[in-house]
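1. Just to be clear, the model below is a prediction. Sequence and coordinates:
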Amino acid sequence: MAKPRIGITMDYVTGKPHYMLPWTYAEAVEKAGGLPLMLPYRSDLSQVPHYLDGLDGVVLSGGDDLDPSLFGEERHAMARAVDPDRQKFEFALLTEIERRATPVLGICLGSQLMNVHRGGSLYQFLPDMDRSEPLEHRRIGDDWGARHGVSVEPKSNLSHLLGKTQLECNTSHKQSVHKPGHGLRVVATAPDGVIEATEDPSFPFYIGVQWHPERQNDEADHLKLFQGLVSAATRRAGT
Ligand SMILES: [Mn+2]
């Protein structure tokens with residue numbers, strides 16, 4: 001049987017004409033039973049429908065920060081602009097994904113992209129967010145091990161997929177959803193109120209998470225996100 005084909009958007013190496021993607025994204029898709037395929041963003045945007053013709057699902061990967069003028073703000077001094085070509089490609093890709101209801105998992109930047117694409121806004125620098133008992137959500141130095149608890153909404157596609165409402169997640173982000181975009185439901189939060197996941201329940205699979213499940217793909221809870229995407233992609237490929 002053909003494996004569901006899962007496109008993964010790529011990042012870049014700053015200052016070099018190179019694409020870049022941590023191995024764990026493709027590893028997680030493969031472990032979940034999908035065929036991972038990388039999507040080069042320096043493409044003519046007319047290629048976007050052709051890419052999606054050949055895909056059953058998509059992972060929007062992590063990266064630098066979106067242009068805040070998209071939600072009416074000046075760039076924060078601590079924000080780091082994503083390559084405008086990558087931003088342009090991924091918005092075009094997401095528009096076509098939604099038009100076709102292709103299953104999609106957004107990770108970190110990917111989840112922020114989903115939100116801004118729907119007219120929502122972001123906190124550009126979480127340390128500035130007013131919270132009681134704030135957590136540090138950023139990766140500080142070389143410590144990739146930081147984690148916090150996440151509470152998942154009981155009646156959500158995410159909790160249905162995970163089979164639980166409490167989760168331990170890694171955290172290496174300075175931005176997150178502020179105002180949720182049209183049609184998006186907040187389905188997970190950190191103990192300090194930071195939004196950690198959103199979904200659009202009207203789509204077969206449309207989930208954005210602020211943590212990095214690909215880096216924890218050796219843990220059942222986190223691999224489940226990729227398994228859910230691959231299952232939805234398989235159902236789609238079968239129709
Ligand atoms: Mn976090």
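-> Nice, thanks for sending it over. Numbers count the residues shown, from 1 in each chain.

2. okay but residue 229 is in contact with residue 7, surely?
-> No. With contact defined as Cβ atoms under 8 Å, residue 229 does not count as touching residue 7 (11.0 Å). Every C-beta, even on glycine, is put in place using the N, C-alpha and C of the backbone.

3. intersection of neighbour lists for those two?
-> Jointly contacting residue 229 and residue 7 under the rule Cβ atoms under 8 Å, 6 or more residues apart in numbering are 57, 59.

4. Which pLDDT does the model give the residue in the chain positioned nearest to the ion?
-> Relative to the ion, the nearest point of the chain is residue 171 (3.4 Å; Cβ to the ion). The per-residue pLDDT reported for residue 171 equals 96.

5. Count the neighbours of it for me.
-> For residue 171, the tally of surrounding residues (other Cβ atoms under 10 Å) stands at 22.

6. how about the nearest residue to it, chain neighbours excluded?
-> residue 137 (4.7 Å; Cβ to Cβ, 6 or more residues apart in numbering).

7. could you say which helix or strand contains the one you found?
-> Assigned by DSSP states H and E, residue 137 falls within no helix or strand.

8. mind listing what it touches?
-> By Cβ under 8 Å, 6+ apart, the neighbours of residue 137 are 126, 148, 171-174, 176, 190, 194, 210.

9. For the chain, which segments are assigned as helices?
-> With helices called from DSSP state H, the chain shows them at 23-31, 48-53, 84-100, 109-117, 157-162, 220-238.

10. any idea how far the residue nearest to residue 215 when sequence neighbours are not counted lies from residue 231?
-> With Cβ to Cβ, 6+ apart as the criterion, residue 215 has its nearest non-adjacent residue at 5.4 Å, and that residue is residue 24. Residue 24 sits 20 Å away from residue 231, taking Cβ to Cβ, to the nearest Å as the criterion.

11. More neighbours: the two, which one.
-> A direct count of neighbours by other Cβ under 10 Å for residue 24 and residue 231 places residue 231 higher, at 20 against 17.

12. Surely the residue of the chain closest to the ion touches residue 148?
-> Yes. Taking contacts as Cβ under 8 Å, residue 171 lies within contact range of residue 148: 5.5 Å.

13. before we move on, back to that, most tightly surrounded among the helices of the chain?
-> Using mean count of other Cβ atoms under 10 Å, the stretch among those with the largest mean neighbour count is helix 109-117, at a mean of 25.

14. same question for that one, mean pLDDT?
-> 98.

15. repeat for stretch 27-35
-> Mean pLDDT, computed over stretch 27-35, is 98.

16. For that stretch, measure first residue to last.
-> 10 Å (Cα to Cα, to the nearest Å).

17. How far off centre is that stretch?
-> When distances are taken as Cα atoms, centre = their mean, to the nearest Å, stretch 27-35 is centred 16 Å away from the chain's centroid.

18. excluding its backbone neighbours, what's nearest residue 2?
-> residue 237 is the one closest to residue 2 (Cβ to Cβ, 6+ apart), at 7.1 Å.

19. on that earlier part again, what residues do residue 171 and residue 148 have in common as contacts?
-> 135, 137, 190.
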